[in-house]
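Enquirer: Based on what follows, work out the 3D shape:
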Amino acid sequence: MTTRIIAVTRTDLQRLEQFLDSELMLVMGGQRPHLKALREKLQRATVVESPEMLPDIVTMNSTIYLHDLDRGEPDIYTLVYPDEACIAEGKLSIFSPLGAEIFGRRVGETLQFQVGERDSHKRIDKLSFQPERVGAFNL
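Expert: Below you'll find the model as predicted:
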């Protein structure tokens with residue numbers, strides 16, 4: 001799993017750190033490799049105020065068009081906090097392996113990460129919605 005991240009908003013950073021440090025996270029298995037990698041990514045991230053976020057970076061509540069390079073099929077997800085996650089509705093938890101990997105990444109990037117024992121490869125094709133881009137700073 002890669003540990004690359006471009007930027008994170010101060011709001012997203014604070015909320016994610018609270019979740020990662022919560023008792024619920026310990027019960028959910030907060031030491032899983034992708035969550036440890038997410039924590040490391042957050043520690044190295046450039047922190048910006050919401051209005052300064054670049055419009056092509058995946059932030060919380062962004063809707064992302066991914067291309068699954070293994071299957072050759074598109075996927076559409078909205079990246080959400082775990083209490084809002086519902087994969088049947090396309091709401092992907094930040095604490096899933098894919099969610100942790102795409103957070104903070106840029107449109108056009110190709111990702112390789114582990115899902116169970118299998119490697120997965122995806123490309124971020126576009127963001128159809130990014131809260132910061134439309135001035136929705138409190139989502």
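Enquirer: Mind listing what's buried along the lowest-mean-pLDDT helix or strand in the chain?
Expert: Taking all helices and strands of the chain together, the one with the lowest average confidence (mean pLDDT, DSSP states H and E) is helix 23-28, at a mean of 73. For helix 23-28, the neighbour count (16 or more other C-beta atoms under 10 Å) marks M25 as buried. Every residue, glycine included, has its C-beta placed from N, CA and C.
Enquirer: Could you list the alpha-carbon positions for it in PDB?
Expert: What follows is helix 23-28, C-alpha atoms only, in PDB (Å, rounded to 0.1, in the frame of the first residue of the first chain):
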ATOM      1  CA  GLU A  23     -12.600   3.600  21.500                       C
ATOM      2  CA  LEU A  24     -14.800   2.400  18.600                       C
ATOM      3  CA  MET A  25     -11.800   2.300  16.300                       C
ATOM      4  CA  LEU A  26      -9.900   0.100  18.800                       C
ATOM      5  CA  VAL A  27     -12.900  -2.300  18.900                       C
ATOM      6  CA  MET A  28     -13.100  -2.200  15.000                       C
END
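Enquirer: can you list contacts of it?
Expert: Residues from elsewhere that reach helix 23-28 (C-beta atoms under 8 Å, 6 or more residues apart in numbering): F19, L35, P82, F95.
Enquirer: Recalculate using a threshold of 7 Å.
Expert: F19 (C-beta atoms under 7 Å, 6 or more residues apart in numbering).
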